[in-house]
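**Q** build the 3D model from these lines:
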Amino acid sequence: MFLALPVIALLISFAILFSLCRPRYLTSKTANAGKISIIVPARDEEHNISKLLTSIRSQSSQPLEILVIDDQSIDQTAAVARELGATVIPGKEMPAGWKGKTWACQQGADAAVGEWYLYLDADITLLENGLAKLAALTSVKATHSICPFHKIQRPYEQLSAFFNTITLAGVDTFAATPSSQGTLFGQVLLIHRDHYQKAGGHKAVKDEILENFQFAQRLKAQNFDINLYLGKGTVEMRMFPEGLAQLTSSWKKGFLAGAAQSPKRALLNTSLWLTGGMMLMVAFTLIPFGNATFLSATLLCSFCYGFLSFFCFRLAGNFSLCTALLFPIPLLFYQILFFKALLDQKKGVKATWKGRTID
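**A** Next comes the predicted model:
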C-alpha cells in the first residue's frame with residue numbers, strides 16, 4: 001500500500017512539463033534601438049538603478065531616451081539616475097484610485113516621445129546586445145514581454161525557486177499547446193505607442209495590483225498580438241538583494257491574485273507538481289513503517305522529482321541542483337507563505353510594499 005505513494009507522487013508531478021515544455025527565447029537578431037523610449041518606474045531604487053542604467057549605457061545600440069519616473073522616493077534614486085544620464089521625471093502625487101506602479105508608468109508614457117515604449121523594472125540588467133535584441137522585436141507591430149532570468153547570488157534567494165517557476169508555468173504560453181489567454185510579464189514590456197494608447201494605457205488598469213494581467217486583456221480585446229519570451233541571455237534581474245524580509249513581502253503581495261488570473265489548465269499542472277512534492281514529503285515520514293522496497297522507491301522518486309524540478313527551476317533562474325534535490329525546503333516555504341497570505345486575505349490584513357498599503 002505504501003509503495004504506491006511515491007510512485008503516484010512522481011507520476012503526477014510530470015504534469016508541470018505540459019506547461020513548460022516549449023520555452024521561447026529571443027534570437028540573436030539585432031536592430032537599432034533609436035525609436036525606443038525606455039521608461040523606468042522607480043521608488044526607492046538607489047541600489048538597483050545604477051546597475052540598470054550602466055547596463056543600458058554599455059549597449060551597442062542606444063535608445064532614443066531613458067526616462068526614470070521617480071515615484072516620490074525618499075532615497076537617492078533621482079540623484080543617481082541623473083548622474084548616469086537619465087532624464088528624471090519627478091512623480092506627481094498619486095491620485096485616488098491608482099496604484100503606485102501604474103501611476104508611475106502612465107506618467108512615463110505621457111512624457112515619452114518614442115514610437116515604442118520599453119518598460120523596465122529598476123532591478124533589471126540588460127546583457128550584451130540585450131537592447132539590440134529587444135529592438136529587433138519592433139519589426140513586428142505587437143506587444144512583446146520578457147521574463148528576466150533570475151540571477152541568484154545569496155542562499156536565501158534560492159527560496160524563490162517555486163515562485164519563479166510557477167510564474168512561468170502560470171502564463172501557459174510555454175505549454176505544448178499554448179493558451180490563447182494572454183498575459184504580460186511586468187518587468188520587461190515592449191509596446192508600440194499606438195497599441196498602448198488604443199488599449200487605454202495604464203489608466204485602464206490604474207487600480208490593479210497585477211496590472212499586467214488586466215492590461216493583456218485590454219490588448220487582446222483590440223486584437224493585438226502578445227508575444228512572451230524567456231530572458232536568459234538577454235535580460236536578468238536581481239530581485240531581493242536586501243534580504244529574506246524583502247523576498248517574503250514581495251512574493252506575498254501578489255501571488256494570490258496571480259493564481260486567480262492563471263488559466264485553469266496551468267493551475268492544474270502546477271497544483272499536481274506541488275502535490276507530488278508534498279506527497280513525497282509524506283512518504284518520508286512513513287519510511288519507519290515501511291520495508292526496504294518502500295525506502296528505495298521513496299528515495300528514487302524523490303531524486304527524480306528533484307531533477308524534474310531542477311529542469312523547471314533553471315528556466316527561471318540560476319537555481320542550484322542542491323535546491324532542487326532538497327526540494328522540501330523551498331516547497332514548504334512556498335506553502336507556508338501561500339497559506340499565510342490566504343489567511344491574511346480572509347482576515348482583511350493589507351499587504352504593504354515600500355511604505356504603501358496594497359489593497
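
**Q** which helix or strand lies directly C-terminal to the helix or strand encompassing residue 314?
**A** Using DSSP states H and E, residue 314 maps to helix 292-316. From helix 292-316 onward toward the C-terminus, using DSSP H and E, the following helix or strand is helix 321-325.

**Q** what's the first helix or strand after that next one?
**A** Defined by DSSP H and E, the subsequent element after helix 321-325 is helix 328-347.

**Q** for that following helix, packing partners?
**A** Helices and strands touching helix 328-347, by 3 or more C-beta pairs under 8 Å, 6 or more residues apart in numbering; DSSP states H and E, are helix 161-171, helix 244-261, helix 264-285. Placement of C-beta: from N, CA and C, glycine included.

**Q** outline the domain layout of the chain.
**A** Dividing the chain into domains by automatic domain parsing, as the record does, gives the ranges 4-19+259-358, 23-242.

**Q** now for the ones you listed, which one comes closest to residue 248?
**A** When these are compared by C-beta to C-beta, domain 4-19+259-358 sits nearest residue 248, at 6.5 Å.

**Q** list the residues that contact residue 156.
**A** In this structure, residue 156 makes contact with 240, 243, 244, 247, judged by C-beta atoms under 8 Å, 6 or more residues apart in numbering.

**Q** ok, the third one - contacts?
**A** To tie it back to what came earlier, the one meant is residue 244. 156, 159.

**Q** kindly recompute the last result at 6 Å.
**A** Listed by C-beta atoms under 6 Å, 6 or more residues apart in numbering, the contact set of residue 244 reads residue 156.

**Q** thinking again about what came up before, and among the domains of the chain, the most buried is which?
**A** Among these, judged by mean count of other C-beta atoms under 10 Å, the one packed with the most neighbours on average is domain 23-242 (a mean of 20).

**Q** now do the SS call for residue 88.
**A** strand (DSSP: H, G, I helix; E, B strand; the rest coil).

**Q** I'd assumed residue 68 was in contact with it.
**A** Yes: with contact taken as C-beta atoms under 6 Å, residue 88 and residue 68 are classed as touching, separated by 5.0 Å.

**Q** list residues touching both of those two?
**A** Listed as contacting both residue 88 and residue 68 by C-beta under 6 Å, 6+ apart are residue 81.

**Q** any chance of the contacts of residue 156 in JSON lines with pLDDT and distance to residue 126 as columns?
**A** As requested, these are arranged in JSON lines below (pLDDT from 0 to 100; distance: C-beta to C-beta, whole Å):
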{"residue": "240", "pLDDT": "86", "distance to residue 126": "20"}
{"residue": "243", "pLDDT": "88", "distance to residue 126": "25"}
{"residue": "244", "pLDDT": "89", "distance to residue 126": "27"}
{"residue": "247", "pLDDT": "86", "distance to residue 126": "23"}
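
**Q** could you export those residues as a markdown table, including distance to residue 110?
**A** Supplementary listing: the contacts of residue 156 in a markdown table, determined by distance: C-beta to C-beta, whole Å:
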| residue | distance to residue 110 |
| --- | --- |
| 240 | 31 |
| 243 | 35 |
| 244 | 37 |
| 247 | 33 |
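
**Q** correct me, but residue 306 touches residue 322?
**A** No: at 9.2 Å, residue 306 does not count as touching residue 322 under the criterion of C-beta under 6 Å.

**Q** just give the nearest non-adjacent residue to residue 295, would you?
**A** With C-beta to C-beta, 6 or more residues apart in numbering as the criterion, residue 295 has its nearest non-adjacent residue at 5.5 Å, and that residue is residue 287.

**Q** any idea which helix or strand carries residue 236?
**A** strand 235-237.

**Q** what's the nearest residue to residue 123 if we skip its chain neighbours?
**A** Spatial nearest neighbour of residue 123, excluding adjacent residues (C-beta to C-beta, 6+ apart): residue 48 at 4.6 Å.

**Q** how about that neighbour, secondary structure?
**A** Classified using three-state DSSP, residue 48 is helix.

**Q** ok, now how distant is it from residue 124?
**A** In this structure, residue 48 lies at 8 Å from residue 124, with C-beta to C-beta, to the nearest Å as the measure.

**Q** how about residue 331?
**A** Residue 331 sits 28 Å away from residue 124 when distances are taken as C-beta to C-beta.

**Q** now swap in residue 310 and tell me
**A** The gap separating residue 310 from residue 124 is 25 Å, by C-beta to C-beta.

**Q** residue 14 too?
**A** Here the distance between residue 14 and residue 124 works out to 33 Å (C-beta to C-beta).

**Q** before we move on, what about residue 341?
**A** As judged by C-beta to C-beta, residue 341 and residue 124 stand 25 Å apart.

**Q** kindly report the same for residue 115.
**A** Relative to residue 124, residue 115 is positioned 21 Å away (C-beta to C-beta).

**Q** I appreciate the help and will end here.
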